[in-house]
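**Student:** Sequence and predicted structure are below.
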Amino acid sequence: MDQRRSFSEHGSRSTHRTSSAGLRLATAGCAALLLLGLTPLAAAAAPAQASCPDAAAPPAAVDTSEVPPPGVPAPEPLPIPDEPVGGPRLGECGEVTPRGAAPAPIDPIAAQSWVLADLDTGEVVAARDPHARHRPASTIKVLTALVAIRELDLDDRIVATQADADQEGSRVGLEPGVDYTVRQVLAGLIMQSGNDAAHALAMKLGGVDRTVAKMNALAAEIGGHDTRTATPSGLDGPGMSTSAYDLALIFRAAMEHPEFAKAEATREIQLPGKPGGPPVPVESDNAVLWNYPGALGGKTGFTDDARHTFIAAAERDGRRLVAVLLRGENKPVRQSKYTMDLLDYGFSLPRDASVGELVTEPSPTSEAEQEPGPQAAADVDEPTSPMYGTVGGPLTVLAVLIIVVAGAFAVLRRRRAKLAAARRAADHATDHP
């Protein structure tokens, strides 16, 4: 798994409480910097992420699919991170493109939220409201597949059941009593979005509830703070949410597994049919795989609550990009066309174009973030340069002042973000009936 970490994960993580004295010091520091003709480095506005539409939870459901069982409370929205994961620009609500780049050729009706990212470097090339929380529909099957690949022997056997065959929604056509390999069921999951395949894999993993728990644990392990699934198939359920950012992150992690990448790139296979009957042909339902040069695969999805969702990846000139679209509509053209246009846009941008990055692992506390020891304090108090008394001293004081001001504003910014998250959670309490 990629070990890249974003700058925001390595940034200051002060755990000190603010006090009136601290606030007075910050105010005095700002005044001192202004007198010196400098701009306070930490005076930037608080991240817009917490105030973006759908920052805490998806829009209200249009049906009863997310009503929890009797006596079970609706899940609270997932917490909003204090800082936008992947970098400050990924906390913006609208379209986020590299400085000087043309707007992306995709209307908001095509996808209320989208992300375009480099699968190899992890750089986010462009986005629109990337951390907005929406329902994934069948695109969450990428996470189901990743759990199965990590935990199951792909040559092991699964005997399909009537419960598998009776699953609601799209099915690949598993026949009760027929023996399949895990690899074959996985192909049916990815290629034709089989809810019967999702259920069969879930039962092999220990049951639906246990599989959902594994999926949520893996999403958290990868760094998907916007993701909580309620079903292995992507059918809507209580508390279901993800983001375009998280799905790009999950898809990237899945593509590191050759078996997943192979299934994604497969256009046609045959599954065993009924005893004595012919095999069952299976074709990929991802139009990008059939119509876009260099396509690597992806995943489609739709429910009434999620609307249209889409993932597609492609390679050109040694560069691999993935596009994720959430809460879109197939008008005036289909999602696959919007996705191909978005991939073209990404490939037209310079290779170093970036607005953030996919952070695939939480960053541990670095040495730089730890409290300085006695020796470190002595090193600051006892300068060795002869310039200290004339130029170095004032510069050192100024540097310390800047650090103090930055720390105080960082703490205040985090407080505001937490308060905003709490208010937003309260506002969205009815999103999960």
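**Tutor:** Yep, it's here.

**Student:** in the stretch 201-350 of the chain, which spans are helices?
**Tutor:** Under the criterion DSSP state H, counting those that start in this stretch, the stretch 201-350 of the chain contains helices at 208-222, 244-255, 258-265, 287-291, 335-348.

**Student:** Could you check the angle the third one makes with helix 244-255?
**Tutor:** Orientation of helix 258-265 against helix 244-255 (axes from the mean of the first three to the mean of the last three CA atoms, to 10 degrees) gives an angle of 110 degrees.

**Student:** and if you look at the last one?
**Tutor:** With the same axes, to 10 degrees as the criterion, the two stretches helix 335-348 and helix 244-255 enclose an angle of 80 degrees.

**Student:** returning to that earlier point: so which of the helices of the stretch 201-350 of the chain gets nearest residue 326?
**Tutor:** helix 244-255 (5.1 Å; CB to CB). C-beta here means a position set from N, CA and C on the backbone, and glycine is covered the same way.

**Student:** Output the contacting helices and strands for that closest one.
**Tutor:** For helix 244-255, the elements it packs on are strand 113-118, strand 123-128, helix 141-151, helix 208-222, helix 258-265, strand 295-303, strand 307-316, strand 319-328, judged by 3 or more CB pairs under 8 Å, 6 or more residues apart in numbering; DSSP states H and E.

**Student:** Could you report the neighbour count for the closest residue to residue 123 other than its chain neighbours?
**Tutor:** Nearest residue to residue 123, sequence neighbours excluded (CB to CB, 6 or more residues apart in numbering): residue 354, at 4.2 Å. Per other CB atoms under 10 Å, the neighbour tally for residue 354 reads 19.

**Student:** could we number from 269 for the rest of this?
**Tutor:** New numbering, starting at 269: the last item is residue 622.

**Student:** where does residue 622 land in three-state SS?
**Tutor:** Per DSSP: H, G, I helix; E, B strand; the rest coil, the local secondary structure of residue 622 is coil.

**Student:** What separation do you get for it and residue 393?
**Tutor:** 7 Å (CB to CB, to the nearest Å).

**Student:** so who does residue 455 touch?
**Tutor:** Listed by CB atoms under 8 Å, 6 or more residues apart in numbering, the contact partners of residue 455 are 531, 534, 537, 539, 550.

**Student:** Equivalent analysis for residue 622, please.
**Tutor:** Applying CB under 8 Å, 6+ apart, we find residue 622 in contact with 366, 391-393.

**Student:** Tell me the spatial nearest neighbour of residue 403, not counting adjacent residues.
**Tutor:** Counting by CB to CB, 6+ apart, residue 403 lies nearest to residue 574, which is 3.5 Å off, once chain neighbours are set aside.

**Student:** was I right about the one you found contacting residue 405?
**Tutor:** Yes. Here residue 574 reaches residue 405: they are 3.9 Å apart, a contact under CB atoms under 8 Å.

**Student:** Give the intersection of the neighbour lists for the two.
**Tutor:** With contacts defined as CB under 8 Å, 6+ apart, the residues adjacent to both residue 574 and residue 405 are 502, 504.

**Student:** Count residues in the vicinity of residue 376, would you?
**Tutor:** With other CB under 10 Å as criterion, residue 376 counts 14.
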